[in-house]
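*Asks:* give me a 3D structure for the following:
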Amino acid sequence: MKKIFLVLCVIVMSSSVFAQKHEFLKMPKFTIEDLKKAKSNIDEKAPAEILYRSIHYRVDPYNGQLIKKYAYRVKIYDKDKSEDWLNLDISLYDNNTGSREILNSVKAYVYNLENDQIAETRVDKSSKFKSKENKYTTVNKFAFPNIKNGSVIEYQYEVTSPFLYEIPLIYMELDTPSMYSEYVLDAPTNMSYHIDFTGSLTPKHKKVGDEFLYGADSKTYRFAYENLKAFKAEKFVKNSDNYRTKIRAELHSTFFNNGLKTYTSTWEDIRKKLWDHEEFGLQYKKDRLVKDLIPKNISEEKDELKKANSIFDHVKNSYTWNQTYGFYTENGIKELNKTKTGNTGDINLVLINMLRTEHLKAYPILISTVKNGYVNLTFPNIGNFNYVIAAIEIGKDIYLFDATSKQAKEGILPSRVWNSNGLLLRDDKAEVISLNNIKMSYSTHTTKAKINPDGTVTGQYQDDDEGLFALNAKENFDENPDKYKKQYKENFSVDFSNISSRVLDTGEFRSTMNFESGNLMDNLGKRKIINPLLFLHQTTNDFDQQEERKYMIDFISPISKTKIVEIEIPEGYDVADLPKSKKIVTEDKEISYSYVVEKKENKIITVSKFEIASADYPKEYYPAFKQIWKVISDSENQVMSLIKK
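*Replies:* So this is what the prediction gives:
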């Protein structure tokens, strides 16, 4: 037993010594072997690979500034597939009240192998380009020169920031594999940070404890990962970033001059903070700002929901969103009334103000957009949010509005809004609410076709969208009408002409067009072979994942999609055989599909329809979707024969 105990002690001691040998914040020396490396050992098909990555945040104990240091070394295997690494973007924040971030230094190089020697190209400062992203953010951009297949990019830069409360969130899992990635946060012991981890990966090296650093007693948080695979995304996921391993730090408390100050928020703390904020609460509580802007006929409406919808239509038609997110106003209601343009806060807070002026129970809801990621419900923090929408309460029902979109309606909000949860800020309390899109989105594709004697197929095609689909289609059309029309020619193997798109009085978005194609039918002896869905049949299976599903299945809204194709049989021909009809539905009736082909007089009418009853599903539903989409693929790829009488 003593011998066994001795061996165990030696193993434990050896492990401790080995663990202590790891050094953080030490970039390996660049060698020619980095240039000679032909492919990644983690993923041999990877177009690029991170050789070293270090994110180092430290609070200077003397001036109280946050020093942010970044160091990267990246190997390029295929430059044409490595666009994300060909430029360096550095964002700097300015709150426009005297506090701003400063870029202290930038060192960037591109290394190439020439005549078996290292050829170094330094990124010149003249390649720097500044762009003003919005009122608060400026981006410094640098282009890397002379990048080839096999190049290595290396850069380091430092930013000084006065913003100590919320340390930037860092994703440890990227779309590029990484040999080594580390995260380090050093802060004086009189400043306590809460470290928030999400994701499935565990660091290879970890060190959390007290140290004497930079001339002061400090607390250090150090995490390092080795041989990280590239993050693998899945289809039908609103935002893959929700599932990446990531680290975020937020200031929890400070202890200066024998006084303890806590910064940990509750949802109620956030409400109180915003209630009298000049760029938030004060914008929707003072009716004098908007009472003269509401048309008289709206004020005279007695039905509360009709009045709310009329005010909503008035706001979305009077003001234009400038594509900038934010729950604080960018210009304020007074300036909005002059320019007629504002950010999310400007437009939706003026909407709330008008609703309240008309004695409706209207409140803001803070949300995190889909792109911004899920709200961490266990970590109340105003930094979770980047958007605001409006809500009214009538009886026990809550109705939602977002006036940033001209196509939006009550309960039909842009896709960016539907991100599971929001923070409803009533006048007397804050409440986390579920934001589930329960309104069905409809898409109906109707084709009427004729088979001509020369073998061509001609006809009319109509694409009707309702609900969220109509909103998305109209926004895409407004952004670029030519591109929107071009998609039809790109998505289908037919020639379209006379494409016309418009919003109907009912709110649907409709596109109509003529088509002609010579490749929809095959001649086989005396038979003509044709798919009864023509160019609308499914050509790919979106639920084809072979590996086990890891994440939620998201559709943003419930979906109903119908294809109706009517084909006129040419004179002198009859149908030899029709495809088999098919119907399938899950036991809980959440997912259903039907495929029906019928002959009516001299026409073949085919209706293919699937419905998905909810906006999202747990991953355990994936086999059901996979099965039904296999049925859809098999059904829609059936063909029929026409034979001469």
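
*Asks:* got the contact list for the closest residue to Ile438 other than its chain neighbours?
*Replies:* Taking Cβ to Cβ, 6 or more residues apart in numbering, and ignoring the residues beside it in sequence, Ile438 has Pro558 as its nearest neighbour in space, at 6.9 Å. Where you see a C-beta, it was placed from the backbone N, CA and C, and this is true even at glycine. With contacts defined as Cβ atoms under 8 Å, 6 or more residues apart in numbering, Pro558 is in contact with 437-441, 611-615.

*Asks:* can I get the CA coordinates of the helix or strand containing Asp465 in CSV?
*Replies:* Assignment of secondary structure by DSSP states H and E places Asp465 within strand 457-466. Once non-C-alpha atoms are left out, strand 457-466 reads as follows in CSV (Å, rounded to 0.1, in the frame of the first residue of the first chain):
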residue,chain,number,x,y,z
VAL,A,457,-43.7,24.8,-71.5
THR,A,458,-45.1,28.3,-71.0
GLY,A,459,-47.3,29.9,-68.4
GLN,A,460,-47.7,32.2,-65.5
TYR,A,461,-46.2,32.0,-62.0
GLN,A,462,-47.4,33.8,-58.9
ASP,A,463,-45.5,34.0,-55.6
ASP,A,464,-47.7,35.2,-52.6
ASP,A,465,-46.3,35.8,-49.1
GLU,A,466,-48.2,36.7,-46.0
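
*Asks:* ok, and for it, which residues are buried?
*Replies:* 457-459, 461, 463-466 (16 or more other Cβ atoms under 10 Å).

*Asks:* stretch 404-412 too?
*Replies:* 404-405, 407-410, 412.

*Asks:* now, which of the buried residues of strand 457-466 sits nearest Ile42?
*Replies:* Sorting the buried residues of strand 457-466 by distance to Ile42 puts Asp465 at the head of the list, at 42.8 Å, by Cβ to Cβ.

*Asks:* distance of the closest one from Gln323?
*Replies:* The spacing between Asp465 and Gln323, counted by Cβ to Cβ, to the nearest Å, is 22 Å.

*Asks:* equivalent analysis for Leu377, please.
*Replies:* The gap separating Leu377 from Gln323 is 28 Å, by Cβ to Cβ.

*Asks:* next: Asn531.
*Replies:* Applying Cβ to Cβ, the value for Asn531 to Gln323 is 42 Å.

*Asks:* so for the protein, the centremost residue is which one?
*Replies:* When the chain is reduced to its mean C-alpha position, the closest residue under Cα atoms, centre = their mean turns out to be Lys371, at 3.1 Å.

*Asks:* is it in a helix, a strand, or coil?
*Replies:* State at Lys371, reduced to three classes by DSSP: H, G, I helix; E, B strand; the rest coil: helix.

*Asks:* what does the one 3 residues further on give?
*Replies:* Classification of Tyr374 by three-state DSSP places it in coil.

*Asks:* list the contacts for it?
*Replies:* If you count contacts by Cβ under 8 Å, 6+ apart, Tyr374 has them with 239, 242, 368, 419-421.

*Asks:* please apply the same query to Val375.
*Replies:* 367-368, 384-385, 419-423, 432.

*Asks:* please repeat the previous calculation with a cut-off of 10 Å.
*Replies:* 366-368, 381, 384-385, 419-423, 432, 435 (Cβ atoms under 10 Å, 6 or more residues apart in numbering).

*Asks:* hmm, which two among these are most spread apart?
*Replies:* Largest separation among the contacts of Val375 by Cβ to Cβ: Asn381 and Leu435, giving 18.0 Å.

*Asks:* may I have stretch 496-513 as PDB, with CA atoms only?
*Replies:* Output in PDB follows, covering the C-alpha atoms of stretch 496-513 (Å, rounded to 0.1, in the frame of the first residue of the first chain):
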ATOM      1  CA  PHE A 496     -39.000  34.600 -66.500                       C
ATOM      2  CA  SER A 497     -40.300  37.800 -68.100                       C
ATOM      3  CA  ASN A 498     -42.700  40.700 -67.100                       C
ATOM      4  CA  ILE A 499     -41.800  40.300 -63.400                       C
ATOM      5  CA  SER A 500     -44.000  42.600 -61.200                       C
ATOM      6  CA  SER A 501     -44.000  42.800 -57.400                       C
ATOM      7  CA  ARG A 502     -46.300  44.800 -55.200                       C
ATOM      8  CA  VAL A 503     -48.100  44.900 -51.800                       C
ATOM      9  CA  LEU A 504     -51.800  44.000 -51.900                       C
ATOM     10  CA  ASP A 505     -54.400  45.900 -49.900                       C
ATOM     11  CA  THR A 506     -54.600  42.900 -47.600                       C
ATOM     12  CA  GLY A 507     -50.900  43.200 -46.800                       C
ATOM     13  CA  GLU A 508     -49.700  40.300 -48.900                       C
ATOM     14  CA  PHE A 509     -46.600  40.700 -51.000                       C
ATOM     15  CA  ARG A 510     -47.200  39.300 -54.500                       C
ATOM     16  CA  SER A 511     -44.900  38.800 -57.400                       C
ATOM     17  CA  THR A 512     -46.200  37.700 -60.800                       C
ATOM     18  CA  MET A 513     -44.400  36.800 -64.000                       C
END
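
*Asks:* what mean pLDDT does it have?
*Replies:* Throughout stretch 496-513, pLDDT has a mean value of 94.

*Asks:* low-confidence ranges in this structure?
*Replies:* With pLDDT under 70 as the threshold, the chain has low-confidence stretches at 1-20, 126-127, 264.

*Asks:* those helices in it, which residues are they?
*Replies:* Ranges of helices in the chain, per DSSP state H, are 2-21, 32-36, 267-275, 281-285, 296-299, 304-318, 333-339, 344-357, 468-479, 481-491, 622-636.

*Asks:* pick the most deeply packed of those.
*Replies:* Comparing the helices of the chain on average neighbours per residue, with mean count of other Cβ atoms under 10 Å, the densest one is helix 344-357 at a mean of 26.

*Asks:* and the angle for it with helix 304-318?
*Replies:* In terms of direction (axes from the mean of the first three to the mean of the last three Cα atoms, to 10 degrees), helix 344-357 departs from helix 304-318 by 140 degrees.
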